[in-house]
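*Asks:* turn this into a model:
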Amino acid sequence: MNIRASYSIAIIIAIPIFIHFLGLLNILSSDPLQIYLNFGGEHSAILDGSPGWVDPNAGATTQALGHEAARQWLSGHIPWWERFSGMGLPLAAEMQNSALFFPFVLLLIFANGVLYLKIAMQIMSGLFMLGFLYEMRLSRLTALTGAILIELSGTLAWFAHGPIMPLPFLPLLAWGVWRSCQPDLKTRLGGCFITALAITGSLYAGFPETAFMSGLLVLCIAIWRVCTLRGKWLQGALPIGVGGILGLFLSAPAVVPFLSLLRIGFLGQNTNYHDAHMLAANPAQTLFPYLFGPPLYALSAGGGSVAVDVWWHTGGYCDIALIFAGCAGLFMAFSRGTSFRGLRFVLGGYLLLSGLKAVGFIPVSRLIDVIPGIKQTMFYVYIAPGWWFALTLLSCMLLDDLNTSNQHSGRKSIKFALAGTLVGSVICLFKARPHIMDFYNHPGYKWYLGLSLLWATLVLTVLSVSLLGKRKHTVVAALVVNAAVLFFIPTLTGVRPAPVDTDALSLLKQLTTQKRLVSFGVFPPNYGAFFGIPTINYNFLPLPERFAAQMDQHVCPHYDHTAFFSIGLGKFCSGDTEGLTYAGWQAPSVSFQDGLAWLQQHNTGVIMYPANLQFWHDRIGTRIPAQANSYQNLGGTPVSGVFSHPELAGATLRRVGTGLGTYNGAAKGVWHIKLCSKENCTIADGKLEYAADNLVTWLNLSTPLTIEANQTQLTYSIWSDAPAQPAAIALWPGEGGKPMPLLTLDIDLPRSSNTRQLLNNGHVVIEDLSGTTPYYHADNCVVTFKDYTHVHAECDKPGNLFRNEFYDEGWTAVVNGRPVQLVPAADQVQQSIRLGTGHFDIAYDYAPQHVRLIFILFTVGLVGSAVVGMMACKPRKTAAEA
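*Replies:* Predicted structure coming up:
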């Protein structure tokens with residue numbers, strides 16, 4: 001390695017470290033833990049927004065689950081399973097947590113691991129891009145510029161979770177493909193080895209969508225590269241194909257469990273994305289990254305739902321400077337003597353077609369959807385790294401063109417690119433007007449708008465003048481400085497670190513040695529894995545559907561199966577927590593008490609919720625059929641009836657509601673609801689002009705009504721003061737066909753007698769529930785808990801031993817040294833084995849299904865790659881030896 005190459009490598013390593021100095025020195029932390037788990041501590045930042053990650057999965061998935069994976073690796077175990085989320089879930093098979101991304105996942109064992117991992121991905125991206133551009137025989141300055149640009153990409157600036165992990169392997173895969181098509185056999189074998197390594201890394205990195213999208217781009221490059229060999233095309237296609245197969249074989253430990261989980265898993269929105277596309281404002285955001293402020297600025301700025309939604313439809317920016325340089329590099333293909341003309345057209349076609357699909361141009365979208373897997377991919381988000389790579393590659397070609405191209409045709413290409421960029425920018429800004437106006441009057445926003453446009457104008461001016469004057473070093477400086485500034489801005493939204501509530505965490509660890517925690521709005525999903533605290537809360541995708549179905553049926557009907565992190569139980573665990581729609585009361589529901597009982601039956605015995613939340617609280621209502629309602633005028637004659645519900649016993653009623661029709665707000669007057677228990681009555685009054693039309697209207701009771709502990713009924717009457725403009729009350733067929741209203745009640749439940757409050761520090765409340773079903777329990781046995789995979793049982797009669805861990809076909813059990821059949825319990829989530837009479841030592845173990853196939857494929861891939869690598873590195877024979 002010569003001294004210039006060493007300098008280039010040192011610069012590539014230094015830039016990400018320098019640009020993240022605020023986080024590395026803990027001045028402004030980008031640690032998701034500081035944002036999500038402060039238990040009420042206050043944070044401050046220089047700028048509002050999210051510090052370098054748009055998606056909260058930077059915390060819930062990469063940090064929390066990745067930390068657990070690192071812990072398992074360091075203890076000598078492959079992280080196939082994690083027991084701290086849900087009822088235990090397959091860890092490696094979930095993939096996006098990067099559990100098998102060894103050794104890089106080990107960085108997540110550190111307190112600032114998410115940042116360390118991002119820096120590592122940046123450095124790797126830069127180094128691999130440097131190697132690729134050297135392979136293309138571009139100049140050293142151009143190669144270094146391309147490497148710096150790729151490690152400062154818009155995706156790496158705005159993301160810190162799964163999608164960034166495969167990014168380094170995009171330039172590595174391109175390098176392998178390019179090298180596979182060289183004339184020399186040993187060089188081609190080296191390309192085959194690099195291709196295998198790149199595909200292996202892409203898949204172990206743990207985000208198949210990004211790996212897939214990157215692979216499509218390199219496939220386009222590979223087809224062009226092989227075609228340039230003409231009659232010798234097989235010499236290039238063969239090492240590429242062999243490298244691809246070896247890479248897939250080496251990736252078997254990641255791919256096979258993932259495919260097995262897909263077979264039984266819940267996929268959420270990933271089942272079909274084919275018509276999804278960017279919002280109208282996203283193209284402008286791509287050109288002007290901070291047009292809408294730093295990442296997730298809309299959440300703190302009070303922007304509308306659409307303004308916030310813009311951030312969920314981006315995969316990172318490309319920015320106007322890189323787009324202009326890339327377009328200029330593309331248009332240079334029309335100049336005489338330009339290198340890589342075919343490749344430029346390939347990259348240009350890729351950018352055009354993928355861009356049209358991303359913005360929702362239906363003909364192109366449907367054409368691209370023919371490619372298998374595209375419909376299941378959030379294309380408009382995960383295409384962004386490919387755009388950045390293609391534009392960077394075109395920009396690098398442009399830089400080398402400055403030394404060789406015809407001056408007249410080169411200037412013409414640059415002018416065309418500038419004109420196209422300016423016209424496109426104006427169109428994008430015009431389409432983004434509604435979003436801009438949504439923010440315009442917010443204090444501070446005008447600075448982001450003005451500075452974004454001013455900075456873009458300045459950089460574009462410097463670039464265009466420098467390109468027209470063929471001042472290569474100025475062009476390089478403008479591109480690099482622009483990329484660095486844009487990348488640095490999100491680091492200013494980091495928070496000044498505050499201490500986490502260690503007392504609460506210590507108490508939780510003590511309480512959950514043999515049972516689980518359920519958290520409502522406090523302890524984020526998956527962070528149980530980070531701290532070693534078993535929690536029923538989770539955030540997983542894909543997720544075993546059987547577990548989600550049981551949670552849906554017994555705890556939270558119609559919840560988003562991707563994550564369980566509700567604000568309560570009962571009605572507060574449903575999609576209609578406010579209880580305003582008729583449809584919300586027609587949908588099946590699970591009461592607070594039934595939901596809590598199911599959780600206790602599945603080893604959940606610790607509750608955590610915010611101190612300002614009335615947790616023992618529910619909303620109950622009349623069971624109305626799922627059919628259209630009728631209306632009758634509400635006058636002086638009361639609509640009366642009896643309401644029964646088991647949760648009324650000992651409850652305190654504070655609000656009551658019913659469904660009204662106000663004729664588009666025309667109703668006037670006063671209306672009343674009277675409630676009576678066996679001993680007491682109360683009343684609620686309201687003005688009809690304030691009542692909702694064709695929705696539930698809630699009224700506060702004049703005095704709270706407490707129901708006797710042994711009573712589960714009350715009577716009600718609903719009437720109005722017979723106004724000239726009455727309202728109508730909504731009615732449904734009741735028992736015997738008699739019309740009945742929808743009566744809704746907001747109730748405080750009596751705290752369960754088996755509940756002990758152990759902590760209330762003003763931020764959080766922690767309560768312990770006695771009577772929780774143990775982790776191991778048996779019909780006719782005395783069970784001694786050893787740990788989560790070992791138990792001793794003494795049985796006087798044959799019976800079943802149950803284990804409160806999610807049943808997956810990969811689990812096996814050994815009883816007294818002999819394998820036994822492990823089956824799902826009747827609830828389809830617990831594990832069960834049959835025991836006879838006597839003393840039993842039981843050990844449980846987990847390995848993914850088809851583990852033998854995984855081992856065989858991995859071994860074949862490893863041996864094959866080793867052979868190819870040794871052949872590529874074998875010294876050439878000298879003339880004397882020959």
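*Asks:* residues near the residue lying closest to residue 213 once chain neighbours are set aside, how many?
*Replies:* Leaving aside its sequence neighbours, residue 213 sits nearest to residue 382 (Cβ to Cβ, 6 or more residues apart in numbering; 4.8 Å). Any C-beta I mention is one placed from the backbone N, CA and C, and that applies to glycine too. Residues near residue 382, counting by other Cβ atoms under 10 Å, number 22.
*Asks:* from residue 388, how far off is residue 382?
*Replies:* Look at residue 382 and residue 388: by Cβ to Cβ, to the nearest Å, they are 12 Å apart.
*Asks:* hmm, back to that, could I get the contacting residues of the residue nearest to residue 213?
*Replies:* Neighbouring residues of residue 382 by Cβ atoms under 8 Å, 6 or more residues apart in numbering: 163, 209, 210, 212, 213, 315.
*Asks:* quick check: the two most widely separated of those?
*Replies:* Based on Cβ to Cβ, the longest span within those runs between 212 and 315 and measures 13.3 Å.
*Asks:* for these two, indicate the residue with more neighbours.
*Replies:* Neighbour comparison, residue 212 and residue 315: the larger count goes to residue 315, with 28 against 19 (by other Cβ under 10 Å).
*Asks:* per-residue confidence at that one?
*Replies:* pLDDT, residue 315: 94.
*Asks:* check residue 724 too.
*Replies:* Residue 724 is assigned 75 on the pLDDT scale.
*Asks:* that one reaches residue 667, doesn't it?
*Replies:* No - taking contacts as Cβ atoms under 8 Å, residue 724 lies outside contact range of residue 667: 10.0 Å.
*Asks:* quick one: which of those two has more around it?
*Replies:* With neighbours defined as other Cβ under 10 Å, residue 724 and residue 667 compare such that residue 667 has more, 25 against 7.
*Asks:* between the contacts of residue 382, which is nearest residue 189?
*Replies:* When the contacts of residue 382 are compared for distance to residue 189 (Cβ to Cβ), residue 212 comes out closest, at 26.4 Å.
*Asks:* against residue 670, how distant is the closest one?
*Replies:* 63 Å.
*Asks:* one more: residue 786?
*Replies:* From residue 786 over to residue 670 the distance is 67 Å, taken as Cβ to Cβ.
*Asks:* same deal with residue 593?
*Replies:* Look at residue 593 and residue 670: by Cβ to Cβ, they are 36 Å apart.
*Asks:* so who does residue 214 touch?
*Replies:* Listed by Cβ under 8 Å, 6+ apart, the contact partners of residue 214 are 166, 167, 169, 170, 173, 202, 385, 386, 389.
*Asks:* just the buried positions in stretch 125-143, please.
*Replies:* By neighbour count on 16 or more other Cβ atoms under 10 Å, the buried set for stretch 125-143 is 125-136, 138-139, 141-143.
*Asks:* pull the residues that contact that stretch.
*Replies:* The contact list for stretch 125-143 (Cβ under 8 Å, 6+ apart) reads 4-5, 8-9, 12-13, 15-16, 144, 146-148, 150-151, 153, 156, 167-172, 174-175, 178-179, 340, 392, 396-397, 399-400, 403, 472-473, 476.
*Asks:* are any of those buried, and which?
*Replies:* 8-9, 12-13, 15-16, 144, 146-148, 150-151, 153, 156, 167-172, 174-175, 178-179, 340, 392, 396-397, 399-400, 472, 476.
*Asks:* follow-up on the earlier one: mind checking which of the contacts of residue 382 are in strands?
*Replies:* Among the contacts of residue 382, no residue falls in strands (DSSP state E).
*Asks:* restricted to helices, list these.
*Replies:* Counted as lying in helices by DSSP state H, out of the contacts of residue 382, are 209, 210, 212, 213.
*Asks:* per-residue pLDDT, the first one?
*Replies:* Meaning residue 209. 93.
*Asks:* who's in contact with it?
*Replies:* Neighbouring residues of residue 209 by Cβ under 8 Å, 6+ apart: 163, 377, 378, 382.
*Asks:* for residue 220, see how far away the third one is.
*Replies:* It stands for residue 378. Taken as Cβ to Cβ, the span from residue 378 to residue 220 is 20 Å.
*Asks:* in CSV: the contacts of residue 214, plus secondary structure and pLDDT.
*Replies:* Below are these laid out as CSV (DSSP: H, G, I helix; E, B strand; the rest coil; pLDDT from 0 to 100):
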residue, secondary structure, pLDDT
166, coil, 97
167, coil, 97
169, helix, 98
170, helix, 98
173, helix, 98
202, helix, 97
385, helix, 97
386, helix, 97
389, helix, 98
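*Asks:* just those now: which is nearest residue 872?
*Replies:* Closest to residue 872, out of all of these and judged by Cβ to Cβ, is residue 173, at 16.6 Å.
*Asks:* let's verify the residue nearest to that closest one when sequence neighbours are not counted: helix, strand, or coil?
*Replies:* Nearest-residue entry for residue 173: residue 198, 3.7 Å, with adjacent residues in sequence omitted and distances by Cβ to Cβ, 6+ apart. The three-state assignment at residue 198 reads helix, by DSSP: H, G, I helix; E, B strand; the rest coil.
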